[in-house]
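Novice: Pasting the sequence and the predicted model now:
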Amino acid sequence: MTSKLHALTLALLLGTAAFASAKAAETPTATAVPLAPATVQPERIILNLTADPATEMAISWRSAPGLSGQVQYAKATDSPDYVKAPMTLAAVTDDATLAVREDPAFRAAYHAAVLKDLEPDTVYAYRVGDGTHWSEWLQFHTAAKTDAPFRFIYLGDMQNNVLSEASRTLRMAFRKAGDAAFVIHAGDLINRHDSDAEWGEWFASGGFLYAQTPQMPTPGNHEYGKDEAARAGSSINGQWRRQFTLPENGPTDVPASRETNWYTDYQGLRLISIDSMQVDRDPIARKAIIQWLDGLLANNPSRWTVLFLHFPLFSSEPGRDNPKVRAALKPLVDKYKVDLVLQGHDHGYARGAIGPDGPAADDAGATYAVSVAGPKMYDVGSLPWAKKSASRTQAYQVIDVSPATLTYNAFTATGEPLDRVVLHKAVD
């Protein structure tokens, strides 16, 4: 480490205790409001990538309790004839009663289906329902088997005032990159983990976009709730696995990490979600995640590697630091030359390259970024590692991937250019 990086780490450590104390004193207030019941019409429809995005697609939605679920799908055509003889797949249904913040006995039927044996690089149309009540026909595009160029969107925390103020960032991202292959969310999608009303705002923010472009989240601390039975004293909320159908290829010896630590390979990119809450607060899970990640990076068929998580390895807020997360992950980032580490949590913007010995030139170390999509803001400090930083700035990022280059562009919520870096790889 360089002396500058040592100084930065020491300053962050000294500020952590005071910041944590102040945050602990905050007591979010919430007035319980009656929830509208889940409807007979399918709602909160969302796509997720699986571990094989060229031949599979995961679909999740919910409906009124007591209803079954099924998906009808077909290869999309330019004519409306695709609706004449669709294939039908029964969904797995969890008719659940959840103690959400607004109603301790809230009920809904949560449905999930994974379409398999699809053709690569192909547009499919689908609808979901119970056989009587159907959604509209929607479309998605499977990944190619080749390293064809594509783009994806990266969003930091939406978290607060999700529908009223964070939604504009998400929607502007889709205006800029409507052809994005998928969207990653770096945790804290909402503020109160058990608020079904807030989850409703998150789904309303994306609307049909979530049903046509796969959304790939990693959890933040606000997706976790207190749980005395859990090793770390908290566990992922009850809606996470019911609302999302994410790859189940995380550490096999950490059941709590199912659909929170996961990876997928997409057209020359290995995308890895790290559950930073487990890394930070559960020593047993931390060890298993390190071992799992080491294997993924050592045996990586993709040209590019993007790791994303909630707690930053290098923070943008002067009173925050995550030394356990950094100590666990940075040696592997350096050893295997991870290209991009995308993060949330700090409610500011910063981007720079850091190598084994500290801040580095672009392409000489992993590129780290912290960003925030929602309106909640923290201070952004003087950052020796950051080539670009910004405070009080809602932002989204569009990342273009090709065999030779990875181009990272950040934009403000109004669409103005904020930051840009181009990473390079030699093409054989």
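Specialist: Yes, it's here. Numbering: from 1, shown residues only.

Novice: Could you list the low-pLDDT ranges of the protein?
Specialist: 1-33 (pLDDT under 70).

Novice: switch to 80 and redo it
Specialist: Across the chain, the ranges flagged by pLDDT under 80 are 1-34, 232, 428.

Novice: Work out the sheet partners of the lengthiest strand in it and label each with its direction, please.
Specialist: Longest strand in the chain, counting residues (DSSP state E): strand 103-115. Pairing partners of strand 103-115, with direction, according to DSSP bridges: strand 57-63 (antiparallel), strand 92-100 (antiparallel).

Novice: Which elements pack onto the helix or strand just after it?
Specialist: The C-terminal neighbour of strand 103-115 among helices and strands, as given by DSSP states H and E, is strand 123-129. Here strand 123-129 touches strand 57-63, strand 70-75, strand 103-115, strand 138-141, going by 3 or more C-beta pairs under 8 Å, 6 or more residues apart in numbering; DSSP states H and E. All C-beta spots, glycine's among them, are computed from the backbone N, C-alpha and C.

Novice: buried stuff in the last one?
Specialist: Just to be clear, that refers to strand 138-141. 138, 140, 141 (16 or more other C-beta atoms under 10 Å).

Novice: contacting residues around that strand?
Specialist: Contacts of strand 138-141 with the rest of the structure, by C-beta atoms under 8 Å, 6 or more residues apart in numbering, involve 45, 47, 57, 76, 121-127, 181, 208, 211-214.

Novice: how much space is there between residue 401 and residue 300?
Specialist: As defined by C-beta to C-beta, to the nearest Å, residue 401 lies at a distance of 15 Å from residue 300.

Novice: Who has more neighbours out of the two?
Specialist: residue 401 (26 against 16; other C-beta atoms under 10 Å).

Novice: so the nearest residue to the more buried one once chain neighbours are set aside bridges to which residues?
Specialist: Spatial nearest neighbour of residue 401, excluding adjacent residues (C-beta to C-beta, 6 or more residues apart in numbering): residue 269 at 5.3 Å. Residue 269 forms beta bridges with residue 266, residue 304, as assigned by DSSP bridges.

Novice: mind listing what residue 269 touches?
Specialist: Contacts of residue 269 by C-beta under 8 Å, 6+ apart are 302, 303, 304, 305, 306, 401.

Novice: now these in a markdown table, with distance to residue 349?
Specialist: Below are those laid out as a markdown table (distance: C-beta to C-beta, whole Å):
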| residue | distance to residue 349 |
| --- | --- |
| 302 | 27 |
| 303 | 27 |
| 304 | 22 |
| 305 | 22 |
| 306 | 18 |
| 401 | 21 |
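
Novice: So among these, which ones count as buried?
Specialist: By neighbour count, with 16+ other C-beta under 10 Å, these hold 302, 303, 304, 305, 306, 401 as buried.

Novice: how about the second one, what does it touch?
Specialist: The reference is to residue 303. 147, 268, 269, 403, 425.

Novice: Run a quick check on the first one versus residue 265, I expect a contact.
Specialist: This means residue 147. No - look at residue 147 against residue 265 with C-beta atoms under 8 Å: they stay out of range, at 10.2 Å.

Novice: about what we covered before: of the contacts of strand 138-141, buried ones?
Specialist: By 16+ other C-beta under 10 Å, those give 45, 47, 57, 76, 124-127, 181, 211-214 as buried.

Novice: And those, which is closest to residue 364?
Specialist: Nearest to residue 364 among these is residue 181, at 28.0 Å by C-beta to C-beta.

Novice: Verify the contact between that closest one and residue 153 for me.
Specialist: No - applying C-beta under 8 Å as the test, residue 181 and residue 153 come out as separate, 9.1 Å apart.

Novice: Could you export the buried residues of strand 138-141 as TSV, including distance to residue 231?
Specialist: Shown next, in TSV, are the buried residues of strand 138-141 (distance: C-beta to C-beta, whole Å):
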residue	distance to residue 231
138	40
140	37
141	40
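
Novice: Identify, from the residues you listed, the entry nearest to residue 416.
Specialist: When the buried residues of strand 138-141 are compared for distance to residue 416 (C-beta to C-beta), residue 141 wins out at 29.0 Å.

Novice: on that earlier part again, now, among the contacts of residue 303, which is nearest to residue 392?
Specialist: Nearest to residue 392 among these: residue 269, at 31.4 Å, using C-beta to C-beta.

Novice: any idea how far that closest one is from residue 302?
Specialist: 6 Å.

Novice: ok so, going back, can you tell which of the strands paired with strand 103-115 is closest to residue 409?
Specialist: strand 57-63 (26.8 Å).

Novice: quick one: the closest one to strand 70-75, angle?
Specialist: Relative orientation of strand 57-63 versus strand 70-75 (axes from the mean of the first three to the mean of the last three C-alpha atoms, to 10 degrees): 140 degrees.
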